[in-house]
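1. Predicted structure and sequence below. I'll ask about it afterward.
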Amino acid sequence: MNDSPWATEPVPAGPAYDALVGPHTRPMPIVPDAAGRDFDDREARDRGAATDGGPPFRAETPPQEPMPSPPPPPSPAPQDATPPPKKRAGRDLRAAIGVGVGLGAVIFASLFIVKAVFVGVIVVAVVVGLWELTSRLQEKKGIKAPLVPLAVGGAAMVIAGYVRGAEGAWVAMALTALAVLVWRMTEPPEDYLKDVTAGVFAAFYVPFLATFVAMLLTADDGPERVVTFLLLTVVSDTGAYAVGWRFGKTKLAPRISPGKTREGLFGAVAFAMAAGALCMEFLIDGGIWWQGLLLGLAVAVSATLGDLGESMIKRDLGIKDMGTLLPGHGGIMDRLDSLLPTAPVVWLLLAAFVGTG
């Protein structure tokens, strides 16, 4: 016997039952079919057969509301049909080329007409470069390197190097440093050491290194030596840019100059060595092609280090360019960055290979 409360008790059929639950809810008896098989008479009622004289009955579940159809998937955003932008140089190349051609015309005209005029070009570049450097130091770091003694001493340094050679350049450098120390004494002593240190650094970095360009000019083939110096530096920079832009992947010094790559350095070396061999063979009196290979290698290294050096200064100052005087280039110092440290290297190697005469 099933004691579960959910067990079904037999219910007697009859009028009382029909009155209580209705005639159509009475359990239907199981009757055999013609073949002797039992089947539930409810199936017949579900199929529309009338039982007990009542209306057809069909057990159906209550109608359910249709399930809401899922929202259509969002259509993919239209893809831009335009191709990805190509690499760009980051500067106005037309302006840069125009300014470069103009500067080249001035340099060549002054070199091959009157040597002294080119010395004047060096002096102007030095004074403007000192003005840019000292201005940025004061704006960004509050360092007041005295410009007046630097400009006067820098011009004297270049002229002394042209007239008296290395000895004259060193004497002018010493006097310029002394002038910076004395000039700064006219102001309060706060930050004196910082200001004079920056002043001596500026005197060495700009005019003293530029003096070696004037010293190159004193030789009999001086204009050709200066052209070799300028050409190798420009070719080195161009080779580094062209190869680095096309094939550059491995950063050379990402913390200093993220745009420079090792592939670009290899391009600078290859271009400069090829140009050096040609220059020594056809421009320099007594030069030999293999000397040009060594000269080109040295120029590529010094030009790259000079560029990285000024990049380090500009990163410390938090600026992109030292000035805006030259459209497409920045300032004068942005063009002298690789030239300044290369000048003493070229002067020294040419003096070792073919002498200073």
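-> Noted; the coordinates are in hand.
2. hey, let's count contacts and neighbours off CA atoms from now on
-> Fine.
3. can you map out the strands along this structure?
-> 30-32, 38-40, 251-253, 257-261 (DSSP state E).
4. In terms of pLDDT, where does residue 74 sit?
-> Per-residue pLDDT puts residue 74 at 58.
5. same question, the one 4 residues further on
-> Residue 78 carries a pLDDT value of 51.
6. With residue 115 instead?
-> On the pLDDT scale, residue 115 gets 84.
7. which residues touch the closest residue to it other than its chain neighbours?
-> Sequence neighbours aside, residue 217 is the residue nearest to residue 115 in space, at 7.4 Å (criterion: CA to CA, 6 or more residues apart in numbering). Residue 217 sits next to 115, 162, 223, 225-226 when contact means CA atoms under 8 Å, 6 or more residues apart in numbering.
8. go again using 10 Å as the cut-off
-> Going by CA atoms under 10 Å, 6 or more residues apart in numbering, residue 217 touches 111, 115-116, 118-119, 162, 223-227, 347, 356.
9. Pull out the buried members of those residues.
-> Buried members of the contacts of residue 217, scored by 16 or more other CA atoms under 10 Å, are 111, 115, 118-119, 162, 223-227, 347, 356.
10. mind putting those residues in CSV, distance to residue 240 included?
-> Formatted as CSV, these follow (distance: CA to CA, whole Å):
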residue, distance to residue 240
111, 27
115, 31
118, 28
119, 29
162, 32
223, 26
224, 24
225, 23
226, 21
227, 20
347, 23
356, 30
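11. Could you work out the most separated pair of these?
-> The most widely separated members of the buried ones among the contacts of residue 217, counting by CA to CA, are 118 and 356 (18.6 Å).
12. Can you get me the centre-to-centre distance for stretch 275-291 and its chain?
-> 36 Å (CA atoms, centre = their mean, to the nearest Å).
13. Equivalent analysis for stretch 193-211, please.
-> That offset, for stretch 193-211, works out to 29 Å (CA atoms, centre = their mean).
14. Likewise for stretch 303-320?
-> 14 Å.
15. Give me the buried positions along it.
-> In stretch 303-320, counting by 16+ other CA under 10 Å, buried: 303-311, 314, 317.
16. Over to stretch 205-214?
-> 206-214.
17. Out of the contacts of residue 217, which comes closest to residue 294?
-> The closest of the contacts of residue 217, once distances to residue 294 are taken by CA to CA, is residue 347, at 13.3 Å.
18. Please name the nearest non-neighbouring residue to the closest one.
-> Residue 347's closest residue in space is residue 216 (CA to CA, 6+ apart), at 6.1 Å.
19. number of nearby residues for that neighbour?
-> 29 (other CA atoms under 10 Å).
20. measure it to residue 356 for me?
-> Using CA to CA, to the nearest Å, we find residue 216 at a distance of 8 Å from residue 356.
21. try residue 146
-> 35 Å.
22. And residue 144, by the same measure?
-> 39 Å.
23. Then residue 172?
-> Distance from residue 172 to residue 356, by CA to CA: 21 Å.
24. Residue 286 too?
-> From residue 286 to residue 356 the distance is 12 Å (CA to CA).
25. and what of residue 206?
-> In terms of CA to CA, residue 206 sits 23 Å off from residue 356.
26. Residue 104 now?
-> 25 Å.
27. cool, residue 327 as well?
-> On the measure of CA to CA, residue 327 and residue 356 end up 37 Å apart.
28. before we move on, the earlier item: overlap of the contact sets of residue 216 and residue 356?
-> Counting by CA under 10 Å, 6+ apart, the residues touching both residue 216 and residue 356 are 222, 347-348, 350.
29. Among the residues you listed, which lie within helices?
-> 222, 347-348, 350 (DSSP state H).
30. could you dump the residues you listed to a markdown table with distance to residue 297 and pLDDT?
-> A markdown table is the format used below for those (distance: CA to CA, whole Å; pLDDT from 0 to 100):
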| residue | distance to residue 297 | pLDDT |
| --- | --- | --- |
| 222 | 21 | 93 |
| 347 | 14 | 97 |
| 348 | 14 | 97 |
| 350 | 13 | 97 |
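31. List buried residues within those residues.
-> For those, buried by 16+ other CA under 10 Å: 222, 347, 350.
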